[in-house]
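Structure for this input, please:
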Amino acid sequence: MDRVDAAVAYHGGDTEKYFGEVDGLHAPLLMHLAEEDEFISKPAQAEIKAALAMKPSAAVYSYPGQCQALSRHNGLHDSAAAAALANGRTSEFLKHGEFEIASGQHSKPIRGGLASWQIRRVTAYIEADLAAKVRIRDLAGLIKVSSSHFSRAFKQSFADSPHRYLMCRRVERAKALMLATNATLGRIAADCGFADQPHFNRYFRGLVGESPNAWRRARADAPRINDRLTLDASTARVAN
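Predicted coordinates for the structure are as follows:
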């Protein structure tokens, strides 16, 4: 039988029918719920969130105003911004998840760093609202450690401070929006948590090496992000 090492769900229709299997859920799970999904009622979505709330390995994101086709490029309810947001969260989830790999080896937590469940909980909290103010004490409180311990362990795991990690994630989110939408740089800056466009320009240039305008112009003729990245799979599997 195949072993499920991690799962990402964009279209979770009928998920509420399988609540009896929640206790057996051990592999990391990321679920995207479009709040206006005509195939998953609001009560069912609430049940899904409640059932997974106590599973450290699970993260659920909701997308207000979005229908079930949020990740389906050129679909009836296609939203490039929502898809970019969901795909960025999926990328971060897969990047920092500690999964079994084909060789059967397991990526062990870094000595002195955060445990895998702590990484998932912290990154899910940050990704849930990148534009929000994020404080060290709030992140530390999520995983029940002191602020000083959290800062040290976070840097061990991510090779970056929490603040720099947050700013890098904001820049990456901004890149996705620049590729996927025609929004102004001022609007993108605000949506990604920067104080204003000059603040965004300064951080972007420092991390990327060029201005947002120059970066966007150089990629103006490239395919939209959803043409190149369609993460519409429900599971990732590795055979025993």
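
low-confidence ranges in the chain?
Applying pLDDT under 70 to the chain flags residues 1-3, 54, 68-78, 96-110, 221-240.

all helices in it, in order from the N-terminus.
Using DSSP state H, the helices of the chain run over 42-52, 80-96, 116-128, 136-142, 147-158, 162-180, 185-191, 197-208, 212-218, 225-228.

For these, give me CSV that also has distance to K17 and mean neighbour count.
(C-beta placed from N, C-alpha, C; glycine too.) As requested, these are arranged in CSV below (distance: least, C-beta to C-beta, whole Å; neighbours: other C-beta atoms under 10 Å):
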stretch, distance to K17, mean neighbour count
helix 42-52, 9, 15
helix 80-96, 23, 20
helix 116-128, 24, 19
helix 136-142, 30, 15
helix 147-158, 36, 17
helix 162-180, 33, 20
helix 185-191, 36, 18
helix 197-208, 44, 16
helix 212-218, 44, 14
helix 225-228, 30, 17
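
Is it possible to get a markdown table of the ones you listed that adds distance to E16?
Listed next are those as a markdown table, based on distance: least, C-beta to C-beta, whole Å:
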| stretch | distance to E16 |
| --- | --- |
| helix 42-52 | 4 |
| helix 80-96 | 20 |
| helix 116-128 | 21 |
| helix 136-142 | 26 |
| helix 147-158 | 34 |
| helix 162-180 | 30 |
| helix 185-191 | 31 |
| helix 197-208 | 40 |
| helix 212-218 | 41 |
| helix 225-228 | 28 |
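
closest one to M31 among the ones you listed?
Between M31 and the helices of the chain, the shortest separation by C-beta to C-beta is 7.1 Å, and it involves helix 42-52.
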